[in-house]
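[1] I would like the atomic coordinates for the input below:
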Amino acid sequence: MERRNVEISALETLRSGFLFLLVAVIMGIVAVLARLISIPHGPSAFAGVISAVATLLILLLVAVGIALYAIFGKIRPGVRQLSEVDSRFRISYTGTTLILVGLVIMVPVLIVLAAEFAAAGSLPEAMRGAVIGGAILALLLIGGIIVLIGYVLTFVVGAFTLQCRYQNSLYMAAGILFILDIALFLVNLSGILALVGYVLMYIALGDTMNRLSTAAPTPAQA
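    Here you go, the predicted model:
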């Protein structure tokens, strides 16, 4: 495949990944907002709460599934293709690998903890003592840090690398929003700025694809 076609294909894959991320984040936000404004009252309140929580969990699980597909089914392959054109993107590909490693550490721990919580009825009982509880928290912390580093390499560094290569300021703006969103994560407000960042990435990638498609081929490509 011609080098330019590989590049356009990579950008198209990336762009579809950010579209899926947009859908996932919007679905997650809508699920949480719907839960907040639909708290039932009256004699059947308990059954209503159970139903609302179940619906919330289902929507969040679907959103997480879409986000995982976006990252590993679209963004990771897209970055890998771009790294064949420009080696600077290899670090972002490494970032997707780190996200995967972090999730591999965290997800089994969370599943076990959730199962124990369901059986014990309380988080302290589920963690069963300081030693086991400390080990669980350590694994979650290690996995979380690895995921965070991977996120930075994939999205922040990736956005700035796209800016350096294609000279579109929307990439830089998106990268800055991703950084600010990480800061907001510390106060449980993460998601809004990332959503705007995904929109900017989607727009910028479409613009870059159009410019590459309409640009005259160089003598080496002709």
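[2] low-scoring pLDDT stretches of the chain, where are they?
    1, 35-53, 115-133, 190, 216-222 (pLDDT under 70).
[3] Which residue ranges of it form helices?
    3-37, 45-69, 76-85, 90-120, 123-127, 130-151, 158-166, 169-185, 192-214 (DSSP state H).
[4] Those helices into TSV, with extra columns for mean neighbour count?
    All C-beta spots, glycine's among them, are computed from the backbone N, C-alpha and C. Output for these, formatted as TSV (neighbours: other C-beta atoms under 10 Å):
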stretch	mean neighbour count
helix 3-37	18
helix 45-69	14
helix 76-85	20
helix 90-120	16
helix 123-127	14
helix 130-151	15
helix 158-166	20
helix 169-185	19
helix 192-214	18
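[5] Point to the residue nearest the middle of this protein.
    Among the residues of the chain, residue 67 comes closest to the average C-alpha position under C-alpha atoms, centre = their mean, at 5.6 Å.
[6] Contacts only, for the residue nearest to that one when sequence neighbours are not counted.
    Leaving aside its chain neighbours, residue 67 sits nearest to residue 24 (3.9 Å; criterion: C-beta to C-beta, 6 or more residues apart in numbering). With contact set as C-beta atoms under 8 Å, 6 or more residues apart in numbering, residue 24 has these partners: 63, 64, 66, 67, 70.
[7] Apply 10 Å and report the result again.
    Residues counted as contacts of residue 24 (C-beta atoms under 10 Å, 6 or more residues apart in numbering) are 60, 62-71, 195, 198.
[8] ok, the residue nearest to the centre of the chain to residue 22 distance?
    10 Å (C-beta to C-beta, to the nearest Å).
[9] try residue 98
    For residue 98, the distance to residue 22 - C-beta to C-beta - is 23 Å.
[10] Next: residue 208.
    With C-beta to C-beta as the criterion, residue 208 and residue 22 are 18 Å apart.
[11] With residue 167 instead?
    Relative to residue 22, and taking C-beta to C-beta, residue 167 is found at 24 Å.
[12] The closest residue to residue 142 other than its chain neighbours and residue 4: what is the separation?
    Nearest residue to residue 142 in three dimensions, chain neighbours excluded: residue 105, at 6.2 Å (C-beta to C-beta, 6+ apart). Distance from residue 105 to residue 4, counting by C-beta to C-beta: 39 Å.
[13] so residue 199 makes contact with residue 174?
    Yes. Under the criterion of C-beta atoms under 10 Å, residue 199 makes contact with residue 174 at 8.3 Å.
[14] Need the overlap of contacts for these two.
    residue 18.
[15] Residue 175 versus the residue nearest to residue 22 when sequence neighbours are not counted, what's the distance?
    Spatial nearest neighbour of residue 22, chain neighbours left out: residue 198 (4.9 Å); criterion: C-beta to C-beta, 6+ apart. As defined by C-beta to C-beta, residue 198 lies at a distance of 12 Å from residue 175.
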